[in-house]
Each structure stands twice: as C-alpha cells, then as structure tokens.
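J.: sequence? don't have it. structure:
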C-alpha cells in the first residue's frame, strides 16, 4: 500500500511565500459619472492569488435631481460577482455588503472595482475594497 | 507610488487606466471640462468620443515595482518582467501609452 509522504506534499497557499495585497478605492462627494474602473489588481506571472475579503458601500451625501442609478460593481476574472445599486434618494441612504470569499485568481487574472452614477446631480460616498493574498504558483 | 496617467475609454471597461494594477486617487482628474467632466470622472451624458476628453488624466497609486525609483516614472522593463508573456502588458510601448 502506497502512503503519501507528508514531507513531500505541496504546502498550502498560505505557506507559499504569501504576500497580502489590497485594492481600496474610497472617495467622498463623488458627482455623477459614467462607468469608471476605480481599481484593478492583475495577478503577476508565476503567481496565483485568492481574494479573501470584499467590502462595497454607497452612501448618498447630497440628493440627486433627478436621481439615477448609482452602482458599485465587483468583477472577478471578468465575471460580475457583486453589484450594489442605491435606490433611495435621501441624505445618508446607504447600501453596503461585506463578505469573505475565496475567489482564486490564476496567473494574469484580474479583480476589478467599478462605480457609476447616471444621475444629473447630487453626490455620493463610495467605499470599495478587496483583500487579496498573492502566492507562488 | 503615485503617478499621473492617461484615462481612456472602452465599451467593455468604461473609463479606466491602461495598467495591470492600480487604484485611482479621488478628486485627481484633470482637466475639469465644464458640462463634460469633473475631478472624479466624465459626466454620464457625455459622448466618450468627444475630442475634448482626449487628454484626461488622473493620479493612481501603483505598486512600487512599477516605478523607476530614480525618475519616479513608470518603468516599462519592470512591468513587462512582472507580466512576461501577457499580450496586454508584455509589449513595446506599454508605458508610453499611459504615461503623462
């Protein structure tokens, strides 16, 4: 019976030269804008990464007239994983989401944070954050 | 490190910076063009093909490894080495397109 030799097993990702990375786009008083990529992380060659935490928040700072559709969007490897949309048009109206995923990024894959607001007035506070652990392939 | 770079538009990404990893610095877009753009983006009703938007720039935070410490400018060799073999980021002119 063949048994695995623990001494030759591949270490877990957190033991393969881990390097914490973050993309963090936080801004207050943002006016209406077309879709904009606020932040992106691309896994370098010879590396992989895992996304370990995500936080998205939109808070209305001043009301819009008329209101549009303010959004914060998270893409992982080209696929939309989350989209927050604030529908209330009152000061301090907030929508937020936070979670601990385990999205794995292969070499050259990306995580992207976008915002947009189709209103014609008013301002918003955006908080978009992703915590990433980069490691050797 | 913080650098000022070009902002460009595509249908797929919207307004963005052509770098593999970056975070936009709030309130840093220039120039501000009345009724077309402000310090954080382009107004949603503005035609992205408008020639007035050709020279938009913003500040971004990029990894220190992207920047030549002596000049403070983006370093093409470093970026190409990090993303060796990547069709977007390992090519001639990858920094010329975005540097300001």
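T.: Sure, I can see it. The structure displayed is predicted, hence computed values, not measured ones.

J.: Which residue ranges of the chain form strands?
T.: If you meant another chain, say so; for now it's chain A. Remark: strands assigned in chain A by DSSP state E are A:19-30, A:33-42, A:47-62, A:71-76, A:79-85, A:94-99, A:103-105, A:110-117, A:123-136.

J.: my bad, chain B
T.: Taking DSSP E as the criterion, chain B carries its strands at B:2-6, B:8-10, B:14-16, B:22-24, B:37-38, B:41-42, B:57-61.

J.: so where's the chain shaky on pLDDT?
T.: Since you didn't name a chain, this refers to chain A. Within chain A, the set of residues satisfying pLDDT under 70 comprises A:1-8.

J.: what does stretch A:79-86 rub up against?
T.: For stretch A:79-86, the surrounding residues in contact (Cβ atoms under 8 Å, 6 or more residues apart in numbering or on different chains) are A:54, A:56-60, A:69-75, A:93-97, A:101, A:103, A:124. Glycine gets a C-beta too; all of them are placed from N, C-alpha and C.

J.: hmm, which of these are the buried ones?
T.: The neighbour count (16 or more other Cβ atoms under 10 Å in any protein chain shown) marks A:54, A:56-60, A:70-75, A:93, A:95, A:101, A:103, A:124 as buried among the contacts of stretch A:79-86.

J.: tell me which residues of stretch A:112-124 are tucked away?
T.: A:112-119, A:122-124.

J.: sorry, that was for stretch A:84-94
T.: Along stretch A:84-94, the positions that meet the burial threshold by neighbour count (16+ other Cβ under 10 Å) are A:84, A:86, A:89, A:93.

J.: ok so, going back, residue B:75 is nearest to which of the strands of chain B?
T.: Between residue B:75 and these, the shortest separation by Cβ to Cβ is 10.6 Å, and it involves strand B:2-6.

J.: Strand B:57-61 and the closest one, what's the angle between them?
T.: For strand B:2-6 against strand B:57-61, the angle by axes from the mean of the first three to the mean of the last three Cα atoms, to 10 degrees is 140 degrees.

J.: helices or strands next to strand B:2-6 in the packing?
T.: Applying 3 or more Cβ pairs under 8 Å, 6 or more residues apart in numbering or on different chains; DSSP states H and E, one finds that strand B:2-6 contacts strand B:57-61.
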